[in-house]
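Trainee: sequence unknown, structure follows:
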């Protein structure tokens, strides 16, 4: 009995995450078209009819673009906090009442044999939150779309078997890049996105001997590169005495193709 997951899509063009146990199959976000969602799930041999629910992190379009479509197509319940529901309702279309559920921040909800803990993050959305997943002593943490990693978040996500963790940008690439200054300021601010270096520093505080994989997520296509993110985060971990090659595997994510299904444990 083990958790298994795939980062189906990750980046500013769309985000979706799949995690499952023997009994449950959950999506977190559906930020690509309905057709693309089907293709991504098919890419990891998951039948969408086996899904049991969708959790929402926040209302930005790269997290909810296909949400209403996939929920209606497969009659799936959606879970989000009240402010996120209010912010996204106009964008996802009409849903049946029995598809709409509330999942408050800093709450633990049980879905079959998976306990899901929600926690708030600092991001420019109505009430953004992310999740840790617990099953049979295993723990997976999903942490992206945040301006900084608070001590409270570190405490919530520490000591996980696997992390899907934001490494959005290289600060110098962003500063020198083509974005207007107001966008750069937003990304660099406390309600924006975490840089490669800050990602590495936060991970140093939270990983443990049980941590086997870190998936670097939500990379900017303009202000980062997979090799650079891996090298930058890896260097920070190595400086703190963590052997990236032996102890922990740093894994890429992609905006357009899913990571292979990974079994925890």
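Mentor: Arrived safely. Just so we're clear, the structure is a prediction, and the values are computed from it rather than from any experiment.

Trainee: Contacts only, for residue 52.
Mentor: With contact taken as C-beta atoms under 8 Å, 6 or more residues apart in numbering, residue 52 is in contact with 24, 25, 26, 76, 77, 111, 112. (Glycine included, C-beta is placed from N, CA and C.)

Trainee: Going through these, which ones are buried?
Mentor: Neighbour-count burial (16 or more other C-beta atoms under 10 Å) is assigned, among the contacts of residue 52, to 24, 25, 26, 76, 77, 111.

Trainee: Next one: the last one from residue 100, what distance?
Mentor: Taking C-beta to C-beta, to the nearest Å as the criterion, residue 111 is separated from residue 100 by 16 Å.

Trainee: Now residue 190. Nearest residue, chain neighbours left out?
Mentor: On the basis of C-beta to C-beta, 6 or more residues apart in numbering, the spatially nearest residue to residue 190 that is not a chain neighbour turns out to be residue 147, at 4.0 Å.

Trainee: State the pLDDT value of that neighbour.
Mentor: Residue 147 carries a pLDDT value of 96.

Trainee: follow-up on the earlier one: cross the contacts of residue 52 against helices and list the overlap.
Mentor: Here DSSP state H is the test, and the contacts of residue 52 give no hits in helices at all.

Trainee: can you redo these as TSV with distance to residue 207?
Mentor: Output for the contacts of residue 52, formatted as TSV (distance: C-beta to C-beta, whole Å):
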residue	distance to residue 207
24	26
25	27
26	24
76	33
77	33
111	26
112	28
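
Trainee: Greatest separation within those residues: which pair is it?
Mentor: Comparing every pair within those by C-beta to C-beta identifies 76 and 112 as the most remote, at 14.1 Å.

Trainee: Can you show me the strands along this structure?
Mentor: For the chain, applying DSSP state E gives strands covering 4-9, 16-20, 25-28, 53-55, 78-80, 100-102, 108-111, 114-120, 129-135, 138-143, 162-166, 213-217, 249-252, 262-263.

Trainee: Could you point out which of the ones you listed sits nearest residue 223?
Mentor: Of all the strands of the chain, it is strand 162-166 that lies closest to residue 223, at 12.9 Å by C-beta to C-beta.

Trainee: ok, now which ones touch residue 36?
Mentor: Contacts of residue 36 (C-beta under 8 Å, 6+ apart): 9, 14, 66.

Trainee: swap that for residue 170, please
Mentor: By C-beta under 8 Å, 6+ apart, the residues touching residue 170 are 195, 196, 223, 224, 225, 228, 229, 232.

Trainee: buried residues in the lengthiest helix in the chain?
Mentor: Longest among the helix segments of the chain by residue count, using DSSP H, is helix 226-239. Within helix 226-239, the residues that qualify as buried by neighbour count (16+ other C-beta under 10 Å) are 228, 229, 230, 232, 233, 234, 236, 237.

Trainee: residues near the nearest residue to residue 204 once chain neighbours are set aside, how many?
Mentor: Residue nearest to residue 204 in three dimensions, not counting chain neighbours: residue 240, with 4.5 Å by C-beta to C-beta, 6+ apart. Around residue 240 there are 13 other residues, counting by other C-beta atoms under 10 Å.

Trainee: okay but residue 240 is in contact with residue 203, surely?
Mentor: No - judged on C-beta atoms under 8 Å, residue 240 makes no contact with residue 203 at a distance of 9.2 Å.
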